[in-house]
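**Q** sequence and computational prediction follow.
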Amino acid sequence: MPLRNRASNGDLAEALFSLAEMEGLGDRRIAYLKAGYTVFDAEGPAHKAVLDQAPPWLKPLLSQLMECSGPDALEAAAQRLSDGGRPRRRGTRENYLARIDVHTIIAEADPDLHPQRMRGAFHWHTTDSDGKAPLETMARACRRRGASWAVVTDHSRGLEVASGLDGEGMRLQRRRVDRWNQNHGDDLRLFQGLEVEILEDGTIDIPQAERRELDCVVAAVHRHFDPDRDQTERLLRAVSTPDVHCLAHPRARHFHNRPGLRARWERVFTVCAENDVAVEINGFPRRQDLDWDLARLASECGCIFILASDAHAPRHLEFDAYACAIASRAELAPSTILNTRRAEVFEDWLFVG
Ligand SMILES: [Zn+2]
Ligand SMILES: [Zn+2]
């Protein structure tokens, strides 16, 4: 007998987030949100984990939701449970993968897009800015995961909340990168990158002389999201700046929180391709930026890609799997993904390309 269809973790999580939004502020709203995140981040079918953690009043409601066979039935059940309320922020949760979806997509993906095939571990942070582990610990963790090269990308000083690196900090970190490469460069070649700020007018927060001291300049928006503003010109200025290698998390969206920047993306991606600026697919679960629709558009514009974990601790390095899953769903050619290249080839791209 076939197994009865059950809703996916993503659909179940969406129903729980919708219910949270239809509640006023208070314990019920928090319980729905907590259950939503538990389902969204669950390694396997979430049913047991979420029921175990739920308060007694929520358990029968969860059981009802879990009996639903798909997204339509779930939406109808959520409407009934909320007396016909309307969720407000669905647009902040579109085109995200629940954790279990990542495993399913990768299991069926082109083997060249599997995380273990990625030679380069790109975009991670250390205690030099807002990461939780020192440079050397992160580099060893990259090596253990099978990488043969890696790019550290702490924040620049422009992001004060992350206590970013100033010029002196950059030079101190450079010495440690050089030391790592002298001792362990045959196992893991380390490149010094920096995640620099795209300011409100599209300029970069560190001068060209400092950019030139770095191996890899990764430009990103972390402030001035301004949902009413078209951000095309700001992004074009950033990706046309000399010595910028990569546009990181291009939309700056955040799950259940921010919908992301508005821009004429075809234009932005075309200029990225013209300037040989790589477009990042950031796999940090709350970012997932680009999503697969925009990644497909970037590919049609001729872009090259770089997959990132945006790890702030060694255990986050596995978030590159989300980026691999997005690349697979966007049907990107592995040859357009820089992480698949050998260290020498990536180095040529950094310094010549
Ligand atoms: Zn960032
Ligand atoms: Zn980052």
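**A** That came in fine, so what should we check first? Numbering: from 1, shown residues only. Ligands and ions are numbered 1, 2, ... in the order given.

**Q** list the beta-bridge partners for the closest residue to ligand 2 within the stretch 51-200 of the chain.
**A** In the stretch 51-200 of the chain, the residue found nearest to ligand 2 is E195; the distance is 4.8 Å by C-beta to the ion. In this view, the C-beta of every residue, glycine as well, is placed from N, C-alpha and C. According to DSSP bridges, the partner residues bridging E195 are H155, V218.

**Q** tell me the contacts of it?
**A** By C-beta atoms under 8 Å, 6 or more residues apart in numbering, the contact set of E195 is H123, H125, T153, D154, H155, S156, L159, V218, A219, A220, A248.

**Q** could you rerun that using 6 Å?
**A** Residues touching E195, when contacts are defined by C-beta atoms under 6 Å, 6 or more residues apart in numbering, comprise T153, H155, V218, A220.

**Q** for the residue nearest to the last one when sequence neighbours are not counted, give its distance to ligand 2.
**A** Leaving out its chain neighbours, the residue that sits closest to A220 by C-beta to C-beta, 6 or more residues apart in numbering is A248, at 3.9 Å. Using C-beta to the ion, to the nearest Å, we find A248 at a distance of 7 Å from ligand 2.

**Q** isn't A248 right up against V218?
**A** Yes. The pair formed by A248 and V218 meets the contact definition of C-beta atoms under 6 Å, at 4.9 Å.

**Q** just want to know which of those two has more residues nearby.
**A** More neighbours surround A248 than the other of A248 and V218, with 28 against 25 (other C-beta atoms under 10 Å).

**Q** how about the helix or strand encompassing M138 as PDB, C-alpha atoms only?
**A** Element membership for M138 (DSSP states H and E) is helix 135-144. Below are the C-alpha coordinates for helix 135-144, written out as PDB (Å, rounded to 0.1, in the frame of the first residue of the first chain):
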ATOM      1  CA  LEU A 135      41.800  31.700  11.600                       C
ATOM      2  CA  GLU A 136      43.900  28.600  12.000                       C
ATOM      3  CA  THR A 137      40.900  26.600  13.600                       C
ATOM      4  CA  MET A 138      38.700  27.600  10.700                       C
ATOM      5  CA  ALA A 139      41.400  26.700   8.100                       C
ATOM      6  CA  ARG A 140      41.900  23.300   9.700                       C
ATOM      7  CA  ALA A 141      38.100  22.700   9.600                       C
ATOM      8  CA  CYS A 142      38.100  23.600   5.900                       C
ATOM      9  CA  ARG A 143      40.800  21.100   5.300                       C
ATOM     10  CA  ARG A 144      39.000  18.400   7.300                       C
END
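
**Q** quick one: average pLDDT of that helix?
**A** When pLDDT is averaged along helix 135-144, the result is 98.

**Q** so how far is it from its chain's centroid?
**A** Its chain's average C-alpha position is 20 Å from that of helix 135-144, according to C-alpha atoms, centre = their mean, to the nearest Å.

**Q** again with stretch 339-351
**A** On the basis of C-alpha atoms, centre = their mean, stretch 339-351 is displaced by 22 Å from the centre of the chain it belongs to.

**Q** give me the contact list for the helix or strand containing A73.
**A** In this structure, A73 sits in helix 71-81 according to DSSP H and E. Outside helix 71-81, the residues within contact range by C-beta under 6 Å, 6+ apart are A7, D11, A15, S18, L19, L61, L65, C68.

**Q** the third one looks like it's in a helix, true?
**A** Yes. A15 forms part of a helix when assessed by DSSP: H, G, I helix; E, B strand; the rest coil.
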